[in-house]
Structures are given as structure tokens and as C-alpha cells.
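Student: give me a 3D structure for the following:
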Amino acid sequence: MQASQLTSRLQQWIFRLGRDETLPIVLGQRRIFILPTGAGYLFALVLAVMLLGAINYTLSLGHALVFLLAGLGLAAMVHTFRNLLGIAITPGRAVPVHAGELARFPMHLRNAREDARRALGFSFAGSEECFVDLPANGSARVDVPCPAPRRGRLDPGRLTLATRYPLGLFRAWSYPYPLLACLVYPAPISRPLPPPVAVDDPGLARGDAGHEDFAGLRPHTPSDPPRHVAWKAVARNPAAWPLLVKHFAGGAGEELWLAWDLLADEPDDETRLSVLTGWVLAAEQAGIAYGLALPGVAFPPANGPAHQERCLEALALHDSGSLHEHVPQAPR
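Tutor: Just a heads-up that it's a prediction; the model follows:
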């Protein structure tokens, strides 16, 4: 067995690193560990030197001062331990982020004691520690950051809750391990939207006016041809009116499909996913109905927050085996 595996098993046995499936997670005595800090070891060394001096010179006041400071250190150790004892932790839902951003995992804390909890530090492995105070008989929330370098589902690992309150001589910590996950979307790459695809409307018979039927005006998008721009409407008041485009209805229409096959020239799949992510965000911001077509899965044209979330989730979980929703493929 490798040394890393032995170390992992030893840590799991000592620190009880199994998943906490029962909520809320209440920190009992068996889940809290405490050791002196660097300042604590230095404090003990100074006390030892002072004690030797008091013994050597038979100083009664020196003995009293040493024992007074030693008692203060022991009292600080008890208060540091009790600063974590009994805290109840309930994890919340993390908001999805894009690759390269910081995911934030909300933790809801509850204190059932009459004493406030001070300087509680939360962190994941390799992330920055954030601090929060928990009032007496109250609750608080802290958003623990964690780097999200890659798309997919992010498991931040075990959570470290530590404190050095009140004097910094001791560090007490615990390792809550709740079931946490955050969806990480691909990092968006900004590109012009692809041109829409012409489709037939089965509700109208052949010979209808088709795209010659004027249906109104809508905001301009990068994929609109210049001949559809309503130049006269814009010229009436160019400062107040945005660039408008004529919208036609009839037997033939147009659909915007964000298809995987449109990006065959990209160097790798991750670049394709990033470009598609940028297209989804651009189309949603412009209010255009769009469809997404990936290998094995497609979403028909629509818009709105729910549609955007489905499309971004499909891009985040592409080739991960976690996406089970399949709908008809996009038209060629």
C-alpha cells in the first residue's frame, strides 16, 4: 500500500473524515481538536524560563506571576475549545459559476448557547479563510469561497472550521464534511452569433406570403442581415431609438440554433463549449429564442432563465455522464 493511501486512511481514522449525511451537523466534543499555536509554544517557553528564574532566586512573587500566567493560558485553552462546542451547521445551495471564478458555498450557523462565538474561520483546502461571528442564541451565514478551475460538478472536499479566540495561544478546529456540490459552467468566449436557420411553418399552406408578411420591429442582433434593418424608423430619432430590425411572419421563419457542428474548426472541445456558452449568454441577453445542439442532446428554441440554465448545465456536464435529458436533434 502506498504511503499516500496510508496517510489518507490514518487521517480518516483520526479526524473522522466520513461524509456527514445527517443535518444539521452539530460539533460535539469528539469532533473538535485543539493544539497550541506558535504563540502558545513561545508562551510556554517564556513561562518555563520565568519559572527557572523564580526557583533560582527564590522569588515568591515570581512563582505567583508564573502560576497566574499559566492559569490564564489554561483558561484560554478551555475558552478556545468551547468557542466551537455545540455549533450547528447546515449547508446551503451554491450558485453556479463559470470556470475560473470563485464558487461560494453558503453555511448556515446556529448557536443555542448564551455565549457568543467569535472569530470563526471557515475554509476549504487551498482556499482563503473567511471569518464570521455568531451571536448568542442566534444564527449567522457565511459564504465559504472555493476556486472553480474547471467545468463540471465541483466537490470542494472537507470543510475546516477553526478558531484561535480569545488569546491566540491555542487553535481549535473541526472537519465537517457535508455533501456539497456546485455546478461550474464553461468559461464564456465572446463571438458573434451564428446566422439563423430558415424553417418551414407547417401551420400555413404553400403559396402564402411567407417572409414577405411584415409583423413588426424588434431590436437588432449581430446575426441580422443589413437589408432587414428599419433605416427609416431609426432615422426619425437616432438618439432615442436603438437599431431596429423588421420582423416578418408567414410560411417560412428563422430559428437560431447554437450547434456543436458550427465550431468544427476550433482546436479542442473545451474551446467549443466556451464559445457555445458565450453564444447562450449573448442570445439570452438579446432576448432571442435559441436552441442548443450538442452530440446526443438538443434543446428546442426558447428563451428565459430556465432555458438558459438547462443549456448551460448541458454544456457544463458535456461528456461527464451526468446529463440524462435527451430531446430531438436540431435541423441541419
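Student: so Gly86 sits in a strand?
Tutor: No: Gly86: not assigned to a strand; according to DSSP: H, G, I helix; E, B strand; the rest coil it is coil.
Student: ok, the nearest residue to it once chain neighbours are set aside to Ala316 distance?
Tutor: Residue nearest to Gly86 in three dimensions, not counting chain neighbours: Arg113, with 5.9 Å by Cβ to Cβ, 6 or more residues apart in numbering. To be clear about C-beta, it is placed using only N, CA and C from the backbone, and glycine gets the same treatment. For Arg113, the distance to Ala316 equals 41 Å [Cβ to Cβ, to the nearest Å].
Student: repeat for Pro305
Tutor: Relative to Ala316, Pro305 is positioned 16 Å away (Cβ to Cβ).
Student: what residue ranges in the stretch 101-250 of the chain are flagged as low confidence?
Tutor: Within the stretch 101-250 of the chain, the stretches with pLDDT under 70 are 198-228, 231-242, 246-250.
Student: show me the helices in it, by range?
Tutor: Along the stretch 101-250 of the chain, counting by DSSP state H, counting those that start in this stretch, helices occupy 231-236.
Student: same drill for Pro305 and Ala316, tell me which one is more crowded.
Tutor: Ala316 (24 against 8; other Cβ atoms under 10 Å).
Student: distance of the most centrally placed residue in the chain relative to Thr277?
Tutor: The centroid of the chain falls nearest to Ala103 when counting by Cα atoms, centre = their mean (2.4 Å). Here Ala103 is placed at a distance of 16 Å from Thr277 (Cβ to Cβ).
Student: is Ala172 bridged to anything, and to what?
Tutor: Beta-bridge pairing for Ala172 (DSSP bridges): Ile34, Thr163.
Student: what is the burial count for it?
Tutor: Count around Ala172 with other Cβ under 10 Å applied: 22.
Student: surely it touches His79?
Tutor: No: using Cβ atoms under 8 Å, Ala172 is not in contact with His79, being 9.6 Å away.
Student: now do the SS call for Tyr41.
Tutor: Strictly by three-state DSSP, Tyr41 counts as helix.
Student: again with Gly278
Tutor: Here Gly278 is recorded as helix under three-state DSSP.
Student: dump the residue contacts of it.
Tutor: Pro188, Ile189, Ser190, Arg191 (Cβ atoms under 8 Å, 6 or more residues apart in numbering).
Student: which of the residues you listed are buried?
Tutor: Buried members of the contacts of Gly278, counted by 16 or more other Cβ atoms under 10 Å: Pro188.
Student: give the bridge partners for Cys146, please.
Tutor: Beta-bridge partners recorded for Cys146 (DSSP bridges): Ala103.
Student: about what we covered before: from Pro194, how far out is the residue nearest to Gly86?
Tutor: Distance, Arg113 to Pro194, using Cβ to Cβ: 60 Å.
Student: between these two, who's got more neighbours?
Tutor: Neighbours per residue (other Cβ under 10 Å) separate Arg113 from Pro194, with Pro194 holding more: 17 against 13.
Student: quick one: the more buried one and Leu258 touch, right?
Tutor: Yes: the criterion here is Cβ under 8 Å, and Pro194 meets it with Leu258 at 6.9 Å.
Student: who touches both of those two?
Tutor: Overlap of the contact sets of Pro194 and Leu258 (by Cβ under 8 Å, 6+ apart) consists of Trp279.
Student: pop the domain breakdown of this protein in here.
Tutor: Here the domain parsing of the chain from automatic domain parsing is 10-184, 197-316.
Student: before we move on, back to that, I'd say the residue nearest to the centre of the chain and Pro145 touch.
Tutor: Yes: with contacts counted by Cβ under 8 Å, Ala103 reaches Pro145, the gap being 7.2 Å.
Student: before we move on, back to that, the residue nearest to Gly86 contacts Ala136, correct?
Tutor: Yes: using Cβ under 8 Å, Arg113 makes contact with Ala136 at a distance of 6.7 Å.
Student: which strands and helices sit next to the lengthiest helix in the chain?
Tutor: Counting residues, the longest helix found in the chain (DSSP state H) is helix 60-82. Applying 3 or more Cβ pairs under 8 Å, 6 or more residues apart in numbering; DSSP states H and E, one finds that helix 60-82 contacts strand 33-36, helix 38-56, strand 170-174.
Student: outside of the first one, which residues touch it?
Tutor: Going back to what we said before, that points to strand 33-36. Here strand 33-36 has contacts from Phe15, Phe43, Ala44, Met77, Thr80, Phe81, Leu169, Phe170, Arg171, Ala172, Trp173, Ser174, using Cβ under 8 Å, 6+ apart.
Student: ok, 10 Å please
Tutor: Here strand 33-36 makes contact (Cβ atoms under 10 Å, 6 or more residues apart in numbering) with 14-15, 41-44, 73, 77-78, 80-81, 84, 162-163, 169-175.
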